[in-house]
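After the sequence you'll find the predicted model.
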Amino acid sequence: MPDIIHGHYADAGYVGSRIAALLGVPLVFTGHSLGRVKRLRLIEGGLKEETIESRYNISQRIEAEEIALDHADLVVTSTEQEIYKQYEHYENYHPDRMAVIPPGVDIERFRPPKRGFRRSPVLQELSRFLADPRKPIILAISRADERKNIATLVQAYGESSALQECANLVIIAGNRDDIDSLDSGAKKVLTRLLLDIDRYDLHGKVAYPKHHGDEDIPEFYRLAASTRGVFVNPALTEPFGLTLIEAAASGLPIVATEDGGPRDIVKNCKNGLLVDPLDAGKMAAVLRSVITDRGRWKELSRKGLQGVRRHYTWKNHVALYLSKVGALLPKRLSKKSIMLGKNRLLQVERLLVCDIDDTLLGDTKALSTLMRRVKYTNGKCGFGVATSRTFFEALDIIFHHKMIVPDIIITSAGAEIHYGHWMVEDTQWADQSRHRWDAAAIRSCLEQLHGLRLQPPKQQNERKVSYFVDENAPTLREIKRHLRHSGLRATTIMSRGQYLDVTPIRASKALALKYISLKWDIPFDQMLVAGGAGNDEEMLSGNALGVVVGNYSPEIKKLQNRDNVYFAEHRYAKGVLEGMDHYRFIQDSQ
């Protein structure tokens, strides 16, 4: 059993949220590149929203990130800028749950030059371009991407004869064989580079090698440091700036964009200066000031080496990470086992789980037939119900309609699980489903919305808040957004356009079934679930065999193309029987 789940990027964050909920362990999330930020940049770049959606499926990615943020106990970022400039665009924006844990740099690989280093093999490659290779090097390393702003750097250098006089410019912009064969973005950047070199007549002053290996990158930094040069990152925005700490670890002072992560690096290391990435004149002046002031250069170089060792080694990264994660571990929920002696679930080979309302109920004769078929399987097929009703409501219905006593009773839309004739509650699941749950705060928050009316007390409990919904109510999406903006974590389920259930973030019918599958070792391909309302959608969308009864509500229709979901023609329990015949579910277990 893991102590924590850590998901990186949107997809793993979403999966991690499900696993963490299933196992009852803390979730740590690192978003890296964020969907909302990417969408903003693409719109700024001229793309229409519908084009962005069709090309990147961006709304699904953003919702996955929202779900991860909703579940996360800790969000790890590389910089303060991520917290206050990127995550602020999200509905689940809670900076108190975020921590800056910057990545590290390999200080054995990236290290200062030794005496005599100017005999480096990369110098020979650069000398093909440079009339005077002995000059200090202004080094830039990045992808050939317009956002890296190489054009403004070349403009700054090209328009400053004083800077050309005192330094060479070396641009490492990826590898290439033929510019015409590159993608359109890189082709545009490199073509512009060559045109600008010619425009400013920088031949013999600018090096732009076609090829380099990974092993050459540390050599470029050391060569620039040995010439008392400077590393420059002129990007329009830089989320972190890994090349900046690589340069610092090599003893090379830095000049970097003022937009993004470089602010943190310069603040911590005090080894360089920040510039407006669009101000070419200022960029040239700052670069020249670092190169021509020998005393200042030495101070920046020394502070960079010290700052990296203090803030940006992997040892420091791990220590800070463990301290933050360690604070979560005492909150880990206890793993109480349920010992039920000869519990039937230990012997069953298959499990049938049905919703109650409008699935089991509605056709008394078919329900009796269904109960007989389940009963006479020699104990090989277990029976369960999964309902939004509370536990005691469900029991009343089960006994009133003379159903067999379920082996599993999932109630309150997945927030409660009970077992067998003794109706013992799964205390492990109960603990997990209380995670960050505040029913009173949920009620207080949602009473602000029109069109929602609390259902009677008997249809509520400490882990489920339920409402009637009328035509004036906001959409489910708007309700979720309202809860998120209020800092509340919850699962929201709309059913038949009339009922709203709000349960803990780690509770749902689908999660309860996954938990049962894991706990009792019942594979999903040996589990059949049946339902027909909106609150059954997630349960039916899983890996179990699914049956949608003929009287299903419209919101379930979207599942018709799923291979493991069978839409029955018959209604109510007769539709369940039809689905069982379709899958040969009972026959194969007899």
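Thanks, I have it.

going forward, measure contacts between C-alpha atoms and count neighbours the same way
OK.

do you know how far residue 2 is from residue 19?
Distance, residue 2 to residue 19, by C-alpha to C-alpha, to the nearest Å: 10 Å.

more crowded one of these two?
For residue 2 and residue 19, the more surrounded residue by other C-alpha atoms under 10 Å is residue 19, and the numbers stand at 20 against 9.

Now the more buried one: closest residue in space that isn't a chain neighbour?
Spatial nearest neighbour of residue 19, excluding adjacent residues (C-alpha to C-alpha, 6 or more residues apart in numbering): residue 5 at 7.5 Å.

which ones are touching residue 502?
464-466, 490-493 (C-alpha atoms under 8 Å, 6 or more residues apart in numbering).

out of the residues you listed, which one sits closest to residue 273?
Of all those, residue 273 sits closest to residue 490, with 45.2 Å by C-alpha to C-alpha.

Can you name every helix or strand that the longest helix anywhere in the chain contacts?
With secondary structure taken from DSSP state H, the chain has its longest helix at helix 294-311. Judged by 3 or more C-alpha pairs under 8 Å, 6 or more residues apart in numbering; DSSP states H and E, helix 294-311 is in contact with helix 242-249, helix 262-269, helix 280-292.

let's see it at 6 Å
helix 242-249 (3 or more C-alpha pairs under 6 Å, 6 or more residues apart in numbering; DSSP states H and E).

Next, the angle helix 294-311 makes with the helix it packs on.
When axes from the mean of the first three to the mean of the last three C-alpha atoms, to 10 degrees is applied, the directions of helix 242-249 and helix 294-311 differ by 110 degrees.

the inter-axis angle of helix 242-249 versus helix 262-269?
Here helix 242-249 runs at an angle of 20 degrees relative to helix 262-269 (the same axes, to 10 degrees).

what does helix 242-249 contact?
With contacts defined as C-alpha atoms under 6 Å, 6 or more residues apart in numbering, helix 242-249 is touched by 110-111, 221, 304-305, 308.

after it comes which helix or strand?
Of the helices and strands lying after helix 242-249 in sequence (DSSP states H and E), the nearest is strand 254-257.

Now do residue 433, the pLDDT please.
On pLDDT, residue 433 comes in at 88.

what's near enough to touch it?
415, 504, 506-507.

give me phi/psi at it?
Main-chain dihedrals, residue 433, degrees, to the nearest 10: phi -80, psi -10.

What distance do you get for it to residue 360?
26 Å.

Could you do residue 202 as well?
Taken as C-alpha to C-alpha, the span from residue 202 to residue 360 is 81 Å.

The two: which is more packed in?
Just comparing residue 202 and residue 360: by other C-alpha under 10 Å the higher neighbour count belongs to residue 360, 28 against 19.

correct me, but that one touches residue 573?
Yes - between residue 360 and residue 573 a contact is recorded at 4.8 Å, counting by C-alpha atoms under 6 Å.

shared neighbours of those two, which are they?
Residues touching both residue 360 and residue 573 (C-alpha under 6 Å, 6+ apart): none.

mind checking the SS state of residue 366?
helix (DSSP: H, G, I helix; E, B strand; the rest coil).

what number of residues lie near it?
Number of residues near residue 366 (other C-alpha under 10 Å) recorded here: 19.

now swap in residue 188 and tell me
16.

Can you read off the pLDDT for it?
pLDDT, read off for residue 188, is 96.

so which strand or helix has it?
helix 184-199.

Ok, residue 388 next?
Residue-wise, residue 388 maps onto no helix or strand under DSSP H and E.

My read is that the residue nearest to residue 19 contacts residue 25, right?
No - Residue 5 lies out of contact with residue 25 (C-alpha under 6 Å); the separation is 7.0 Å.

mind listing what the closest residue to residue 464 other than its chain neighbours touches?
Nearest residue to residue 464, sequence neighbours excluded (C-alpha to C-alpha, 6+ apart): residue 503, at 4.8 Å. Residues counted as contacts of residue 503 (C-alpha under 6 Å, 6+ apart) are 463-464, 490-491.

cutoff 7 Å now
Residue 503 sits next to 415, 463-465, 490-492 when contact means C-alpha atoms under 7 Å, 6 or more residues apart in numbering.

Can you tell me which of these is nearest residue 261?
Taking C-alpha to C-alpha as the measure, residue 261 lies nearest residue 490 of these, at 32.9 Å.

Pretty sure that closest one sits against residue 501.
No - taking C-alpha atoms under 7 Å as the definition, residue 490 is not a contact partner of residue 501, at 9.9 Å.

which regions of the stretch 251-400 of the chain sit below the pLDDT cut-off?
330-343 (pLDDT under 70).

hmm, try it at 50
Scanning the stretch 251-400 of the chain for pLDDT under 50 picks out the ranges 331-341.

before we move on, what about the chain?
In the chain (pLDDT under 50), the answer is 331-341, 588-590.

now the residue most central in space within it, nearest residue through space, not along the chain?
The centroid of the chain falls nearest to residue 10 when counting by C-alpha atoms, centre = their mean (2.9 Å). Leaving aside its chain neighbours, residue 10 sits nearest to residue 65 (5.0 Å; criterion: C-alpha to C-alpha, 6+ apart).

isn't there a helix covering the one you found?
Yes - with three-state DSSP as the criterion, residue 65 is located in a helix.

Can you give me the neighbour number for it?
So residue 65, with other C-alpha under 10 Å, has 26 neighbours.

quick one, what contacts it?
10, 13-14.

ok so, going back, check the contacts of helix 242-249 and tell me the two furthest apart.
221 and 308 (14.8 Å).

Comparing the two, which residue is more hemmed in?
The neighbour count for residue 221 versus residue 308, taken as other C-alpha under 10 Å, is higher for residue 221 (29 against 25).

Does the more buried one touch residue 253 like I think?
No - using C-alpha under 7 Å, residue 221 is not in contact with residue 253; the gap is 10.2 Å.
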